[in-house]
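S.K.: After the sequence you'll find the predicted model.
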Amino acid sequence: MALLLYAAPRGQVAFPASAAQLNVRRPNPTTVAVHTLLRHTTSLGILLVPALAWNLALTEHLPPAFARAVFWSGIPTWLAITENASRTLVLALPFFMPLEVATPMQRRGLAVFAVGTLVYFASWLPLI
């Protein structure tokens, strides 16, 4: 294996010492902030919004057995706190994952997710 060495022409620096010598532009902070917001609006979390809205809209129509006071009455406090913290983490994680639907496999996955979401919506109807 040969070792390749780069010799800069006389009077030039072999490796530029600053970003100006590299012609590197620094990103505009406003552009970075907008890009970050747009990236998070196209995250997997956006797929959860319809189900969360459905839950919020129909929770008050559930039978009394599913009311917070009845449902959580026999559960120890430490377990309820752990469960709620885990639920919050699991629901927040998709908002940090990018949503890409470029390949046929990703499109099939989105279709399966859509069917599953419709089944989830339908599962509420007998409870109301």
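M.R.: Arrived safely, thanks for sending.
S.K.: Which pLDDT value goes with the spatially closest residue to L127 that is not a sequence neighbour?
M.R.: In space, L127 comes closest to L62 once its chain neighbours are excluded; the distance is 5.9 Å by C-beta to C-beta, 6 or more residues apart in numbering. Using the backbone N, CA and C atoms, a C-beta is placed for each residue, glycine as well. Looking at L62, its pLDDT reads 87.
S.K.: Now T77: phi and psi?
M.R.: When read as degrees, to the nearest 10, the backbone of T77 gives phi -60, psi -40.
S.K.: Count the residues that sit near it.
M.R.: Neighbours of T77 under the rule other C-beta atoms under 10 Å: 8.
S.K.: still on that earlier bit, how deep is the residue nearest to L127 tucked in, by neighbour count?
M.R.: Burial of L62 is recorded as 14 neighbouring residues (other C-beta under 10 Å).
S.K.: Likewise for the one 3 residues further on?
M.R.: A65 is flanked by 8 other residues according to other C-beta under 10 Å.
S.K.: so how far is L48 from the nearest residue to it once chain neighbours are set aside?
M.R.: Nearest residue to A65, sequence neighbours excluded (C-beta to C-beta, 6+ apart): F71, at 7.3 Å. In this view, F71 and L48 are 22 Å apart by C-beta to C-beta, to the nearest Å.
S.K.: more neighbours, those two?
M.R.: The neighbour comparison of F71 against L48 (other C-beta under 10 Å) goes to L48, with 15 against 12.
S.K.: okay but that one is in contact with L91, surely?
M.R.: Yes: counting by C-beta atoms under 8 Å, L91 is a contact partner of L48 at 6.7 Å.
S.K.: about what we covered before: what's the separation between the residue nearest to L127 and V70?
M.R.: On the measure of C-beta to C-beta, L62 and V70 end up 11 Å apart.
S.K.: my guess is P63 contacts L127, does it?
M.R.: Yes: using C-beta under 8 Å, P63 is in contact with L127, at 6.6 Å.
S.K.: Could you check the helix of greatest length in the chain and say which residues are buried?
M.R.: The longest helix of the chain (DSSP state H) is helix 104-124. Buried residues in helix 104-124, counted by 16 or more other C-beta atoms under 10 Å: W124.
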